[in-house]
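1. turn this into a model:
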Amino acid sequence: MSMIIRKAVPADIDRLMRIFAIARDFMKSSGNPNQWINGYPQEELIKNEISAGHCFVCVNSDSGNIVATFCFIQGPDPTYSYIEDGGWPDDEPYYVIHRLASDGSVKGITGFCIDWCQRISPCLRADTHHDNKVMQHLLEKNGFERCGIIYVANGTPRIAYQRNIRNK
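-> Numbering: from 1, shown residues only. Reported below is the predicted structural model:
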């Protein structure tokens with residue numbers, strides 16, 4: 001199966017919201033019921049990310065179906081300015097991967113997305129909820145190092161990760 005990544009467009013919003021619903025259900029069933037609550041991410045947020053050019057989709061080239069989505073944003077991210085219980089290994093410019101979600105139909109999406117992002121920036125950061133063991137495993141499997149704890153806008157902690165291929 002071949003995949004392509006492209007910027008999301010407004011016409012994608014219904015499919016993206018369905019993928020987020022699938023991802024929320026998966027997170028709940030895998031021991032992570034508290035990360036994406038109250039309908040997060042809301043449609044308005046995703047529309048804003050599309051308008052800003054931050055939202056991307058993974059398309060199965062064979063079927064033309066969108067099977068995953070993520071936001072990819074050039075840093076600095078103010079959320080990452082304070083980190084505790086560790087620290088960032090360097091101060092290099094970076095991009096952040098946020099809200100990676102899949103419909104579950106294709107294996108290897110995380111690695112595919114990370115490899116695509118790495119072609120744009122050698123230094124990537126991401127964060128995830130303490131209960132999201134699946135994402136922690138996927139980030140570590142794909143070469144990310146746990147760096148410490150950051151706090152998102154609502155004040156809740158997240159485990160922060162970085163992958164910098166310049167330091168490999």
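
2. mind checking the end-to-end distance for stretch 116-132?
-> 23 Å (C-alpha to C-alpha, to the nearest Å).

3. cool, and stretch 119-131?
-> OK, stretch 119-131 end separation, C-alpha to C-alpha: 29 Å.

4. what does stretch 98-114 give?
-> First residue to last in stretch 98-114 (C-alpha to C-alpha) measures 11 Å.

5. return the set of buried residues in that stretch.
-> Using 16 or more other C-beta atoms under 10 Å as the test for burial, stretch 98-114 gives 98-103, 109-110, 112-114. For glycine as for every other residue, the C-beta is placed from the backbone atoms N, C-alpha and C.

6. quick one: distance of it to the chain centre.
-> How far stretch 98-114 lies from its chain's middle: 9 Å, per C-alpha atoms, centre = their mean, to the nearest Å.

7. ok so, going back, in a markdown table, list the buried residues of stretch 98-114 along with distance to F72, pLDDT and secondary structure.
-> Formatted as a markdown table, the buried residues of stretch 98-114 follow (distance: C-beta to C-beta, whole Å; pLDDT from 0 to 100; DSSP: H, G, I helix; E, B strand; the rest coil):
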| residue | distance to F72 | pLDDT | secondary structure |
| --- | --- | --- | --- |
| H98 | 8 | 96 | strand |
| R99 | 10 | 95 | strand |
| L100 | 10 | 96 | strand |
| A101 | 13 | 95 | strand |
| S102 | 15 | 96 | strand |
| D103 | 19 | 95 | coil |
| I109 | 14 | 93 | helix |
| T110 | 13 | 94 | helix |
| F112 | 13 | 95 | helix |
| C113 | 8 | 96 | helix |
| I114 | 10 | 96 | helix |
